[in-house]
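**Student:** Build the 3D model from these lines:
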Amino acid sequence: MKAPIYEVCAADPAVVAMLGPGLLRLYSFGEAPEKVAKPYAVWQLVNGSPENYLAGRPDADGLTLQVDVYGTTADSVRQVRDAIRDAIELRAYVTRWGAEARDPTTKNYRTSFDVDWIVQR
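**Tutor:** From the prediction side, this is the model:
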């Protein structure tokens, strides 16, 4: 049970232009490598449930992902957020726009949003 967010974003030229080239700077489990280039994005599963039926095994899972984008400028994190949104919107639903903030220690900017995804098994 894994949403194909990386695969969808890696196939999108706008996302690749901002988070690539090569290996996309889009990391699972909400963690990025130390000293990674900015901007970058992380995602994590925050909720989910199988699509249960009375007769038979579920054939899909409903997943909620939280996506966080980090960068050195407010514009860069908003541009990456919008590029990821545009890449995944035809396959999933944005369900929450989260806070925009700036870390007082690192001075990095962050924006966040949630995505609901139905993944066939």
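**Student:** Quick check: buried residues in the helix or strand containing Asp75?
**Tutor:** For Asp75, the element it lies in under DSSP states H and E is helix 74-88. Buried residues in helix 74-88, defined by neighbour count with 16 or more other C-beta atoms under 10 Å: 76-81, 83-85, 87-88. Bear in mind the C-beta positions are built from the backbone N, C-alpha and C, glycine included.
**Student:** again, but for stretch 43-61
**Tutor:** Those would be 43, 45, 61, for stretch 43-61 by 16+ other C-beta under 10 Å.
**Student:** so the second one, which of the three states?
**Tutor:** Recorded secondary structure, Leu45: strand (DSSP: H, G, I helix; E, B strand; the rest coil).
**Student:** Just the CA atoms of the helix or strand encompassing Thr111, as PDB, please.
**Tutor:** Assigned by DSSP H and E, Thr111 falls within strand 109-120. Output in PDB follows, covering the C-alpha atoms of strand 109-120 (Å, rounded to 0.1, in the frame of the first residue of the first chain):
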ATOM      1  CA  TYR A 109      10.800  28.200   4.400                       C
ATOM      2  CA  ARG A 110       8.200  25.400   4.500                       C
ATOM      3  CA  THR A 111       4.700  24.900   3.100                       C
ATOM      4  CA  SER A 112       2.500  21.800   3.500                       C
ATOM      5  CA  PHE A 113      -0.600  20.200   2.000                       C
ATOM      6  CA  ASP A 114      -2.500  16.900   2.300                       C
ATOM      7  CA  VAL A 115      -3.500  14.600  -0.600                       C
ATOM      8  CA  ASP A 116      -6.100  11.800  -0.600                       C
ATOM      9  CA  TRP A 117      -5.200   9.000  -3.000                       C
ATOM     10  CA  ILE A 118      -7.100   5.800  -3.900                       C
ATOM     11  CA  VAL A 119      -4.500   3.100  -4.700                       C
ATOM     12  CA  GLN A 120      -5.600  -0.100  -6.500                       C
END
